[in-house]
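In: Test case, fold it:
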Amino acid sequence: MFNVPIVVLADKDKDEMDDQVVEELEGTNLRVMTRSGNPAKPSEQKRASVATADTVVLMWPSDLSPADASAQQAAVLAALKTAGGVAGQKIVVQSAGQEVGEYDAVQMAVDLARSSTGSHDVASLATAGNERINQIIAQVANQPGLEDVFADLLEYEERDVTERGAEFYLSTVPEHLEGRPFREVRRSFPDSVVVGWISPDNDKLHLNSRDTTLVPGNAQLVFVAGGSTEQQALPEPYEVNNVRLGGRRGKHLPPRNITMLCFSAEAAASALKSLVEFTTRGSTITIICESPDTEALTALKRRGLKLNVVNGNPSSRTILESKASRLQQANTVVLCGLEHREQAAADMQVVASVLQLQKLASEHKKRKQPLAVVATLNSPATEDVLWHTTLSFYAEQRAAAAAEAEAAALRKQGSGRKVVQSPEEAAAAAAAGVQPAVSLHLLRPDELMSGMLTQTACAPRLAAVFSELFAQEAGHEIYLRDPRKSYGLIVGKPIVWKDVAELARKRREIAIGYTCKIPDGTTLLTGQHEVNLGVRAETVVELQAGDKIVVIAVE
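Out: Prediction:
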């Protein structure tokens, strides 16, 4: 993504920074140089050639108090303003969002930097702190499987040269499409998905714009695409078929029963606030936490939701088995409040809780679906351990069911009674009938946040896209739609993607791709799906039961 050297300027020991850079960049071709010094001093910025950089990313100082961190960022921006900067220099300021909203020094400094006409392209992006990751966790809790979409859009670490991946891109509307309806503009890009545009006058984002809205000249089109930042427009929009919309109207997300296991009373309010904002009316949220501030948590409840606050240790089997935990009724369990622990300790707690939950869920005989467990992890090694552990537990469940069924068939056979299935057939049928106890929906906060920051560094105006998609008050979100229930598509019948896109537009949605089951059959257990975003218009897809169409919409 970056073909130029990256310079890190921080008030830290250079040797320590060099060691960290070597460790983090193993296996990459990035060129990174470190400079030790105070970023707020113009002399240090000059030594790091900040004024001549194409892009400047100002990180949130997480080791300082919110007030001190805000003041430091403001000082750095003021020094940067003094230095000037090359024409069109991009400046991305990482913030902690509403968590530090009362400290407005940064915003004033950002406004100051923007005031240099033609000099700076400045954006502020909330990826520090817990607000943004809590919003992502809340969306996954209500739509398990969405974590794979977020990973495809934002993560870079595990991609290799053969993986297409998808990202958000910006590109100026071509001259021949200026002043034309959004319908014609989006149909002019067959190799990517146009999801909206940004006004050239006031930088206002028009996501999922109406098809009849005219796109002005010099507008920045917002794309979801894979593989290339260059989006080629057709001379004229491509033709589409006359598709008939089926399925149901109205709200798509069903009410859910969500149990939160919160390991920090201090973090409970922030995590619950995001979950309340994104959860469908009619749902029940139960939060289990030691010594919670019940009054403060109850104040976060909104109309249409039922909230239960349970005072107890979220690791206690007694608490989890109690009726108050509502674990038997839960669709989803969210593990939260681990961000203040040392990373290894936090991951160990996730492993311990998953082991506990899968044992308890396996004992819930009336459970019709695996219990969805949503958690954040710091280490890929821990993720591997969890997959192995859940797969092993599932295999043991299947083996036990098969052995029991085979023994019963042998007893029946030995008694001389009529046998419909052979012992082997009975064993196979019993094993096939066992569902996994849990499905894992794991998030890597560092990877997601750094991916968001990286894309914004390339195109600062993308900050508005991320803010709208992950902040409930803005309206638009990413949703997973059932092809048959939402659009009347016939499962197993081939269809050209551009026809799927037109069906979504009839619901005032933008279809950006689809997810499909992993062929090895483990998707029920892991919750992972193959994700295809930025689908080309002429691609023929054959959607199966369990596949989902990924859309941007307001609900």
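In: Below-threshold pLDDT in the stretch 251-400 of the chain: ranges please.
Out: Applying pLDDT under 70 to the stretch 251-400 of the chain flags the ranges 251-252.
In: For it, which segments count as strands?
Out: 257-262, 284-289, 306-311, 332-336, 371-376 (DSSP state E, counting those that start in this stretch).
In: So which of the ones you listed is the most surrounded?
Out: strand 332-336 (a mean of 27; mean count of other C-beta atoms under 10 Å). Every C-beta, even on glycine, is put in place using the N, C-alpha and C of the backbone.
In: can I get the CA coordinates of it in CSV?
Out: Only the C-alpha atoms of strand 332-336 are listed here, as CSV (Å, rounded to 0.1, in the frame of the first residue of the first chain):
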residue,chain,number,x,y,z
THR,A,332,-25.2,-14.6,21.8
VAL,A,333,-22.7,-14.2,24.6
VAL,A,334,-20.3,-11.2,24.5
LEU,A,335,-17.1,-11.2,26.4
CYS,A,336,-16.0,-7.7,27.3
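In: Surely Lys485 is in contact with Leu253?
Out: No: contact status for Lys485 versus Leu253: not in contact, 11.7 Å apart, counting by C-beta atoms under 8 Å.
In: Of the two, which one has the most company?
Out: More crowded of Lys485 and Leu253, by other C-beta atoms under 10 Å: Leu253, with 17 against 12.
In: which non-adjacent residue is nearest that one?
Out: Here the nearest residue to Leu253 in space, its sequence neighbours aside, is Thr280; by C-beta to C-beta, 6 or more residues apart in numbering that works out to 4.6 Å.
In: do the same with Val56
Out: With C-beta to C-beta, 6+ apart as the criterion, Val56 has its nearest non-adjacent residue at 4.8 Å, and that residue is Ile91.
In: ok, that neighbour - contacts?
Out: Ile91 is in contact with 55-58, 77, 80, 85, 113, 120-123, 460, counting by C-beta atoms under 8 Å, 6 or more residues apart in numbering.
In: doesn't it fall inside a helix?
Out: No: assessed with DSSP: H, G, I helix; E, B strand; the rest coil, Ile91 is strand; it does not lie in a helix.
In: What residues are recorded as beta-bridge partners of it?
Out: Taking DSSP bridges as the rule, Ile91 bridges to Val56, Val122.
In: low-confidence ranges in the stretch 51-200 of the chain?
Out: In the predicted model, the stretch 51-200 of the chain carries pLDDT under 70 at residues 98-110, 112-120, 157-164.
In: thinking again about what came up before, with distance to Lys46 as extra columns, can I get the strands of the stretch 251-400 of the chain in TSV?
Out: TSV is the format used below for the strands of the stretch 251-400 of the chain (distance: least, C-beta to C-beta, whole Å):
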stretch	distance to Lys46
strand 257-262	47
strand 284-289	50
strand 306-311	54
strand 332-336	44
strand 371-376	39
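In: These: which one's closest to Ala151?
Out: Using C-beta to C-beta as the measure, strand 371-376 is the one of the strands of the stretch 251-400 of the chain that comes nearest Ala151, at 12.4 Å.
In: Now do that closest one and strand 332-336, the angle between them.
Out: 20 degrees (axes from the mean of the first three to the mean of the last three C-alpha atoms, to 10 degrees).
In: Tell me the neighbouring strands of strand 371-376, and mark each as parallel or antiparallel.
Out: Strand pairing (DSSP bridges) places strand 371-376 next to strand 332-336 (parallel), strand 438-443 (parallel).
In: Any chance of these in CSV with distance to Ile285 as columns?
Out: Formatted as CSV, these follow (distance: least, C-beta to C-beta, whole Å):
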stretch, distance to Ile285
strand 332-336, 9
strand 438-443, 17
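In: Relative to Asn38, which of these is closest?
Out: If we rank the strands paired with strand 371-376 by C-beta to C-beta, the stretch that ends up nearest is strand 438-443, at 34.3 Å.
In: quick check, distance from the closest one to the centre of its chain.
Out: Remark: strand 438-443 is offset 13 Å from the chain centroid, using C-alpha atoms, centre = their mean, to the nearest Å.
In: what mean pLDDT does it have?
Out: Mean pLDDT, computed over strand 438-443, is 94.
In: Which residue lies nearest the spatial centre of this structure?
Out: Phe150 (3.3 Å; C-alpha atoms, centre = their mean).
In: these two touch, right, that one and Leu443?
Out: Yes: if you go by C-beta under 8 Å, Phe150 and Leu443 touch, sitting 7.4 Å apart.
In: residues shared between the contacts of the two?
Out: With C-beta under 8 Å, 6+ apart, Phe150 and Leu443 have common neighbours Ile136, Val140.
In: Could you export the contacts of Ile91 as a markdown table, including distance to Gly247?
Out: Shown next, in a markdown table, are the contacts of Ile91 (distance: C-beta to C-beta, whole Å):
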| residue | distance to Gly247 |
| --- | --- |
| Thr55 | 44 |
| Val56 | 47 |
| Val57 | 43 |
| Leu58 | 46 |
| Leu77 | 49 |
| Leu80 | 52 |
| Gly85 | 52 |
| Ala113 | 48 |
| His120 | 47 |
| Asp121 | 42 |
| Val122 | 43 |
| Ala123 | 38 |
| Pro460 | 38 |
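In: Name the single longest helix found in the chain.
Out: In the chain, taking DSSP state H as the definition, the longest helix is helix 380-414.
In: if I look at the closest residue to Leu489 other than its chain neighbours, how far off is Pro370?
Out: Leaving out its chain neighbours, the residue that sits closest to Leu489 by C-beta to C-beta, 6+ apart is Pro483, at 4.0 Å. Pro483 is 22 Å from Pro370, where distance means C-beta to C-beta, to the nearest Å.
In: ditto for Gln413
Out: Distance of Gln413 to Pro370, computed by C-beta to C-beta: 33 Å.
In: Look at the two and report which has more neighbours.
Out: Set Gln413 next to Pro370 and count neighbours by other C-beta under 10 Å: Pro370 wins out with 22 against 15.
In: Settle this for me: the more buried one is touching His441, isn't it.
Out: No: taking contacts as C-beta under 8 Å, Pro370 lies outside contact range of His441: 10.5 Å.
In: And the strands in the stretch 101-250 of the chain?
Out: Using DSSP E, counting those that start in this stretch, strands in the stretch 101-250 of the chain cover 120-126, 167-172, 180-181, 193-198, 205-207, 214-215, 220-225.
In: Nearest to Val535 among the ones you listed would be which one?
Out: So among those, strand 193-198 is nearest, using C-beta to C-beta, at 7.1 Å.
In: List the strands paired with the closest one, with their directions.
Out: strand 205-207 (antiparallel), strand 220-225 (antiparallel).
In: wait, which of those is closest to Glu477?
Out: Smallest distance to Glu477 across the strands paired with strand 193-198 (C-beta to C-beta): 10.4 Å, for strand 205-207.
In: so how far is the closest one off the chain centroid?
Out: 20 Å.
In: And the strands paired with strand 371-376: which comes nearest Leu391?
Out: Nearest to Leu391, of all these, is strand 438-443, at 10.2 Å by C-beta to C-beta.
In: Tell me which stretches of the stretch 101-250 of the chain form helices.
Out: Taking DSSP state H, counting those that start in this stretch as the criterion, the stretch 101-250 of the chain carries its helices at 105-114, 131-142, 146-154, 182-186.
In: Residues touching the shortest one, excluding its own?
Out: Just to be clear, that refers to helix 182-186. Applying C-beta under 8 Å, 6+ apart, the external contacts of helix 182-186 come out as 173, 177, 193-194, 197, 209-215, 221, 237, 505.
In: If we use 7 Å, what do you get?
Out: Contact with helix 182-186 is made by Val173, Leu177, Val194, Ser209, Arg210, Asp211, Thr213, Val215, Pro237, as judged by C-beta atoms under 7 Å, 6 or more residues apart in numbering.
In: Can you select the buried ones from those in ChimeraX?
Out: The buried residues among those can be selected in ChimeraX (16 or more other C-beta atoms under 10 Å) with this line:
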select :173,177,194,209,215,237
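In: looking at the strands paired with strand 193-198, which is buried most?
Out: strand 220-225 (a mean of 24).
In: Please list the residues outside that one that contact it.
Out: Contact with strand 220-225 is made by 166-173, 192-198, 231, 461, 465, 512, 533-534, as judged by C-beta under 7 Å, 6+ apart.
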